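**Q** coordinates only, no sequence provided:
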């Protein structure tokens, strides 16, 4: 089993597009720091996400994380910082994070990193999802990336 830690964003978007169940199929178990759970429960989070995290699935393990004065992480938001610190503590093999600055900070700590699109790409490569449907649903959320990235992802899977 790979040790995987997630930040808020990938969980949020996978829930919103109805694809969160690909996570246990890909990784078996996913760890999140308590602050990520709180962000998913926040009043401003979409209702679907709040309902999902109110009764977390058995494959999602919520863990405490220690705070740190690591100067490399001070500029990150609380969820990103806590996810990286939890990954360090657990000696995780993969960190799920969308924010570019947070992903770069995680990479600088030696972690493999992927985000929502990487998860969808992996699931599509394994025949677990219909990528066109997933991307279309993602486009109808607040997820932001350059349209060329989504087009390239779709093109990659149209050839398989």
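**A** Structure's in. What do you need? Note that the structure is predicted; figures quoted are calculated from it, not measured.
**Q** which residues in the chain form strands?
**A** Per DSSP state E, the chain carries strands over the ranges 4-6, 30-33, 60-63, 94-96, 112-114.
**Q** check which helices and strands the last one sits against.
**A** Okay, so that is strand 112-114. With contacts taken as 3 or more CB pairs under 8 Å, 6 or more residues apart in numbering; DSSP states H and E, strand 112-114 sits against strand 94-96, helix 100-108. (Glycine included, C-beta is placed from N, CA and C.)
**Q** I'd say residue 35 and residue 78 touch.
**A** Yes - Residue 35 lies in contact with residue 78 (CB atoms under 8 Å); the separation is 5.0 Å.
**Q** related to what we said a few turns ago, let's have the strands of the chain in TSV, adding mean pLDDT and distance to residue 130.
**A** As requested, these are exported to TSV (pLDDT from 0 to 100; distance: least, CB to CB, whole Å):
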stretch	mean pLDDT	distance to residue 130
strand 4-6	97	23
strand 30-33	97	22
strand 60-63	96	24
strand 94-96	96	21
strand 112-114	96	20
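**Q** looking at those strands, spot the one closest to residue 155.
**A** Residue 155 sits nearest to strand 112-114 of all those, at 19.0 Å, using CB to CB.
**Q** report the distance from the closest one to the chain centre.
**A** Centre-to-centre, strand 112-114 and its host chain are 10 Å apart (CA atoms, centre = their mean, to the nearest Å).
**Q** ok, residue 131 touching residue 152?
**A** No - counting by CB under 8 Å, residue 131 stays clear of residue 152, with 11.5 Å between them.
**Q** so these two - more neighbours on which side?
**A** Taking other CB atoms under 10 Å, residue 131 and residue 152 do not tie; residue 131 has more neighbours (20 against 13).
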